[in-house]
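> show me the folded form of this:
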Amino acid sequence: MRAIFIALCAAYVALSTVSAKADRRVAFVVGNGAYQNVDALPNPPVDAKAMAALLRNTGFDVVEGINLGRDAMTARLREFALKTPGADVAVFFYAGHGISVNGRNYMIPVDGDLKSEVDVKLGAAIDIDVTLDQTMSDAKVKLVFLDACRDNPFAEKIRSASRTRSVVVGSGLAEMKSGEGTLIAFATGPGQTALDGDTGGNSPFTRALLAHIATPGIEIQQAMTQVRADVSAQTSKQQLPWGHTNLIGAVYLNPAAAPVQTAAAPADVSSAAPAPAPGPVAAASETEIEFWRSIKDTRKQEELNAYLTNYPNGQFRSLALARLAALQTPEANPATRTTAPAAAPVDPAVFTAEATLATEDLLGLDHSRRRSIQYRLTGLGFDVTANGRFDDATRRVITRWQTARGYPSTGFLNKLQHDALMGEVVAPRSQPVAEEQADHAEGRRHRGGGQRAARHSGGRGGGGFGPPFLFGPFGRR
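Model (predicted):
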């Protein structure tokens, strides 16, 4: 049965790839947060990583950048401009600080130091209108998402330096008009500021984009209506995304596959699952498969509800609904009465720091600790043989785990990723977890005590796990 499941997953991925790459798609995705002259923004790099992964999974050739100075940002824009001529769909996503001066909008690189209008106009910031005209004008469909309406610390500096002349520095971005075949979306209305969200998570706007723009069979303007509703609900109506569109015809980032009959939801589950009525089922993406693998044995209803929220017509919807029905009957499943410990918090830097063989060597992983990592991966749904060797098969599994979490995917580990992995909670329901605990005990005896082991693992242990970062549920903003 397991072999059949794996074969079906492979078929779904193949079908999804063919559908996604039927046209030529390119994207520019940048998240700037590590600002050098004002307080850092923790979330834009996380937003950009998640958006880049989503777009790649729907067939986009992505030019990606994190925490870019002006020169690096200009280089990425040139690279993007070379890819867009003749593209069927071009997406532009920017998260970070932005500013409007005299009605024009600018992106701010991480090395920007804007003390006056002169600094803005002489190159310390990047003009968004000029950028879009130079990089996207030759694409057939242009989708622009600007999560850059945050409360900007540069604004007051520029106002103070310009008291002798009339300079209008907006609190958010200024209104922009879209040309033919273009959709422009702001995180909030022109001249207003948007919320950044909980530290280390997604902003409300990006979170809603991730949840809706690649929903199978949903046209992009319908998706943006859902995005606006989500952001309004997340922020208690404090923030409402704004957009302007001149699209001609329907645009789908993830066209639905042929309709497939889906099982009806059990009557006692429909209120618990926040999914809409079933619709056409699209071929499962790699991200969806990894999401499902990581929670397929879960005993936590919130994880299954998270899957249904992000994949309302997913390939595993019926299985998720059936599992929810079982979990809602405690007498039929006593294990649900056990509360698993919470997962350890993840350092936001884990989403940007790449791991190499050198960083992994610094962890000093012996045979026992490598087996512990393999058991942990298996317990999280990434099955691998626990042989204590990081062979090619293990490297591939580590890469899949990294991809599912939104971490840089290299197949190697660094301390941040090792700590995050060992901090993920694995429910104490399988033999591998018991063996892992035994291996930890054996390793402590061989190393002469547990203190050194605790230092290497970041002092984290433990049981249960939530869904992958990319589409996982985040707290209310």
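> my guess is residue 36 meets residue 108, correct?
No: in this structure, residue 36 is not within contact of residue 108 by CB atoms under 8 Å, at 10.8 Å. Just so you know, the C-beta spots here come from the backbone N, C-alpha and C atoms, and that holds for glycine as well.
> which one of the two has more residues nearby?
Here residue 36 and residue 108 are compared on neighbour count by other CB atoms under 10 Å; more neighbours surround residue 108, at 25 against 12.
> so what's the more buried one up against?
Residues counted as contacts of residue 108 (CB atoms under 8 Å, 6 or more residues apart in numbering) are 32, 35, 96-99, 114, 124-126, 152, 154.
> next, give phi and psi for it.
phi -110, psi 120 (degrees, to the nearest 10).
> going forward, the N-terminal residue is numbered 22.
I'll keep to 22 as the first residue from here, and by that count the last item is residue 129.
> need the pLDDT of the most centrally placed residue in the chain.
Using CA atoms, centre = their mean, the residue of the chain that lies closest to the mean C-alpha position is residue 71, 2.4 Å off. According to the prediction, residue 71 has pLDDT 92.
> and the contacts of the helix or strand harbouring residue 99?
Using DSSP states H and E, the secondary-structure element containing residue 99 is helix 91-104. Counting by CB under 8 Å, 6+ apart, helix 91-104 makes contact with 47, 49, 51, 53, 82, 84-86, 89, 128, 130, 132-133, 144-145, 147, 152, 155-156, all of which sit outside it.
> name only those of these that count as buried.
By neighbour count, with 16 or more other CB atoms under 10 Å, these hold 47, 49, 51, 53, 84-86, 89, 128, 130, 132-133, 145, 147, 152, 156 as buried.
> biggest separation within those, which pair?
Farthest pair in the buried ones among the contacts of helix 91-104 (CB to CB) is 47 and 145. Separation: 27.4 Å.
> picking up where we left off before, can you list contacts of the helix or strand encompassing the residue nearest to the centre of the chain?
Here residue 71 sits within helix 65-78, counting by DSSP H and E. Counting contacts by CB under 8 Å, 6+ apart, the residues outside helix 65-78 that touch it are 41, 46, 48, 50-55, 83, 85-88, 112, 114, 116-117, 166, 168, 221-224, 227, 230-231, 234-235, 274, 306-308, 369, 372-373, 424, 427, 490-491.
> about what we covered before: so the residue nearest to the centre of the chain versus residue 412, what's the distance?
Taken as CB to CB, to the nearest Å, the spacing of residue 71 relative to residue 412 amounts to 30 Å.
> again, but for residue 314
With distances taken as CB to CB, residue 314 is found 20 Å from residue 412.
> and these two? Which one has more around it.
Legend: neighbour count by other CB under 10 Å for residue 314 and residue 412, higher for residue 314 (20 against 11).
> the more buried one in helix, strand or coil?
Using DSSP: H, G, I helix; E, B strand; the rest coil, the secondary structure recorded for residue 314 is helix.
> that one is in contact with residue 400, isn't it?
No: in terms of CB under 8 Å, residue 314 does not count as a neighbour of residue 400; the distance is 11.7 Å.
> on that earlier part again, rebuild the contacts of residue 129 as TSV, extending it with distance to residue 107 and secondary structure.
As requested, the contacts of residue 129 are arranged in TSV below (distance: CB to CB, whole Å; DSSP: H, G, I helix; E, B strand; the rest coil):
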residue	distance to residue 107	secondary structure
53	29	coil
56	36	coil
117	29	coil
118	32	coil
119	29	strand
120	33	strand
135	36	coil
145	33	helix
146	30	coil
147	25	strand
173	36	coil
175	37	helix
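> from those, which is closest to residue 249?
residue 119 (19.5 Å).
> skipping its backbone neighbours, what lies nearest the closest one in space?
For residue 119, ignoring the flanking residues on the chain, the nearest one in space by CB to CB, 6 or more residues apart in numbering is residue 169 at 3.0 Å.
> before we move on, the earlier item: show me the contacts of helix 65-78 that map onto helices.
Restricting the contacts of helix 65-78 to those inside helices, with DSSP state H as the criterion, leaves 41, 227, 230-231, 307-308, 424.
> which one of the residues you listed sits closest to residue 63?
Of the ones in helices among the contacts of helix 65-78, the one sitting nearest to residue 63 (CB to CB) turns out to be residue 227, at 13.0 Å.
> so for that closest one, what's the pLDDT?
So residue 227 comes in at 94 (pLDDT).
> report how many residues lie close to it.
A count of nearby residues for residue 227, using other CB under 10 Å, gives 26.
> the one 10 residues further on now?
By the other CB under 10 Å criterion, the neighbourhood of residue 237 contains 25 residues.
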